[in-house]
Every structure is written in structure tokens, then in C-alpha cells.
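Enquirer: Turn this into a structure:
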Amino acid sequence: MRILVSNDDGIHAPGLAVCEAIAREISDDVWIVAPETDQSGVAHSLSLNDPLRLREIDAKRYAVRGTPTDCVIMAIRHIMDIKPDLIISGVNRGQNVAEDVTYSGTVAAAMEGTILGVPSFALSQAYGGDSVKNLHWDCGRVHAAKIIRKVLKEGIPPNVLVNINFPNCSPDDVRGVNVAVQGQRKQELLRIDERRDGRGNPYYWVAFGRGQSEPGHGTDLKALADKRISITPLRLDLTDEPTITRYAQAFDSWD
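Expert: Next comes the predicted model:
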């Protein structure tokens, strides 16, 4: 099996090394194509106005000055002589659950792989205030390969990617696996943090305003809160079928 590994945290990220180790548990034919710099939060963006710069680091290891989506396209359409059988994106520094999946470059790399017809996984490691400088990378390193094999054996439908999140705990403290729906935060809002530079001119950071809320039953948020690994299959088709039916009925007659 030929595996392509990518991420959004960049070619030097510790999570990429963890993802490579996971991939090598499954196959000895592993290729690394990852962004030259941190691309967190770029979502499913393409570099259309800037050229892509490719740097070969070693055999089967490349850095691309571009987005995670660029990396997957570059790998499949240019670098690799044979299309990969599997794509693993991550392991992201921080969870990608609930609304995170719409911002995540980690998820986007798996999304692009799915678009190109390759079974794809996005892996992320949750952390908290107690582990912000020392993430439980071994949680994914120990459990991921077994989960990936099991999912592949079960099969991944076309146009579906698999989003896996590991809880903020050691591998031995994981309480199980939940196949969960995508959650929704009720009290976590993005805000703008205004600051001043040395000349008194304003500049801004996008920041998080966090509140306390009870995660919904059966969601990825709840799984992580319970120290369980969450597995969520995500569809590329974002169409809301009940609404499309209602709208279609509304426009049955054109006045």
C-alpha cells in the first residue's frame, strides 16, 4: 500500500512525525508532502495568485510553499509516479471537531484526497491548558493504525472522508471509541483582539472567546470530553436535502 502523508502545521511539525510513524505501521511505502510553513486555519484554499515552490528534502519527502490542498494536488499530479492508495493528514496540533472542520487545513487535505478518489483520513490530537506545551502525541501514535485498518476493512464510501480526533489523555487512559456526529458549540465565538504597535497604530488578532457549554450527546465534542476517540465520516456533498425539497416545492410554479 502506498500512503501519502500531509498536514497543515508544516513540514517541521511534531505531529507530522507522529503521522509518519502511524503510516509506517501500515506500510513501508510512505511519501511525505507537507507545507513549508504553518498553514493552520487556511481551510480548503488553493494558491491561485502565487506560484508553488517545491523543495525536495529527502527521498519521498517534500515541502511545498503552499496550502495543504496544494500539497495533495502537487503530490498526486506531479511528484508521485503512481497515485497513493491512502492519504493520512495530521496529526494536527489541536482537535478538529464541530465547526473546526470548516476552518481546518488538516481536514482540507483529506477532503482534497477524497475529491481525487483516494481514501483519506484526518487525524487530530486534542490538548488543554495542562498539556498545551506537552501534547499526548502517543495517544494517536498508539491507537491510530489499528483504527485506520479497521475503517479500511469496513470500507469508505466515495465522497466521504474520515475525521478522527484523539482525546487529551495518555493512550492508557482512553476509554474507548465513539463513532460520533459533528458537534456544534453554542458559546464559543470568534472575536477580534485589537492591539497597538510601538507607533500607536492598531493591529488585530482573530481570537477565541470561550464559554462553558454541555456537549451534545453522540457528538465528537462529547467523545473527547469523555476521553474517547471520536470517528466522524464527513461527506463532500454539503446539500441539505430537507431544505432543497422544501425550496423545490416553493418554486414548483413560477409566477
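
Enquirer: Please count neighbours and contacts with C-alpha atoms only from this point.
Expert: Fine.

Enquirer: What are the boundaries of the strands in the protein?
Expert: Listed in chain order, the strands of the chain (DSSP state E) span 2-6, 29-35, 53-58, 61-65, 86-93, 120-125, 160-166, 177-179, 189-196, 202-209, 229-235.

Enquirer: As TSV, these with distance to Glu154 would be great.
Expert: Written out in TSV, the entries for these read as follows (distance: least, CA to CA, whole Å):
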stretch	distance to Glu154
strand 2-6	18
strand 29-35	22
strand 53-58	34
strand 61-65	30
strand 86-93	15
strand 120-125	14
strand 160-166	12
strand 177-179	13
strand 189-196	37
strand 202-209	38
strand 229-235	12
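
Enquirer: can you tell me which residues contact Arg149?
Expert: Arg149 is in contact with Ile26, counting by CA atoms under 8 Å, 6 or more residues apart in numbering.

Enquirer: Could you rerun that using 10 Å?
Expert: Neighbour list for Arg149: Ile26, Gly155 [criterion: CA atoms under 10 Å, 6 or more residues apart in numbering].

Enquirer: Distance-wise, check it relative to Leu52.
Expert: Look at Arg149 and Leu52: by CA to CA, to the nearest Å, they are 33 Å apart.

Enquirer: So what pairs up with Phe166 in the strands?
Expert: For Phe166, the beta-bridge partners are Gln125 (DSSP bridges).

Enquirer: was I right about it contacting Ala223?
Expert: Yes: assessed by CA atoms under 10 Å, Phe166 is found in contact with Ala223 at 9.2 Å.

Enquirer: tell me the contacts of Arg65?
Expert: Here Arg65 is in contact with 10, 34-39, 47, 50-55, 71 (CA under 10 Å, 6+ apart).

Enquirer: Scan these and report the most crowded one.
Expert: Per-residue neighbour counts (other CA atoms under 10 Å) across these peak at Ala34, which has 36 neighbours.

Enquirer: Quick check: pLDDT value at Arg210.
Expert: Turning to Arg210, the model gives it a pLDDT of 66.

Enquirer: hang on, the earlier thing: now, which of the contacts of Arg65 sits nearest Gly218?
Expert: Proximity to Gly218 was ranked across the contacts of Arg65 by CA to CA; first place goes to Gln39, at 30.1 Å.

Enquirer: got a list of what the closest one touches?
Expert: Asn7, Asp8, Asp9, Gly10, Arg65, Gly66, Thr67, Pro68, Ser104, Gly105, Thr106.

Enquirer: Kindly calculate the angle that the longest helix belonging to the chain makes with strand 160-166.
Expert: Ranked by residue count and defined by DSSP state H, the top helix of the chain is helix 137-154. Helix 137-154 runs at 150 degrees relative to strand 160-166, counting by axes from the mean of the first three to the mean of the last three CA atoms, to 10 degrees.

Enquirer: quick revisit: spit out the residues that contact Phe166 and Ala223 alike.
Expert: Joint contacts of Phe166 and Ala223 (CA under 10 Å, 6+ apart) are Val177, Ile229, Ser230, Ile231.

Enquirer: Let me have those in TSV, extended by pLDDT and neighbour count.
Expert: Below are the shared contacts of Phe166 and Ala223 laid out as TSV (pLDDT from 0 to 100; neighbours: other CA atoms under 10 Å):
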residue	pLDDT	neighbour count
Val177	98	17
Ile229	98	27
Ser230	98	25
Ile231	98	26
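
Enquirer: got the residues you listed as CSV, with distance to Val162 columns?
Expert: Formatted as CSV, those follow (distance: CA to CA, whole Å):
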residue, distance to Val162
Val177, 14
Ile229, 13
Ser230, 10
Ile231, 7
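
Enquirer: Farthest pair within the contacts of Gln39?
Expert: Distances among those were taken as CA to CA; the most separated pair is Arg65 and Ser104, at 17.5 Å.

Enquirer: how many neighbours does Thr239 have?
Expert: Thr239 has 9 neighbours, counted by other CA under 10 Å.

Enquirer: Right, I'll call it a day here.
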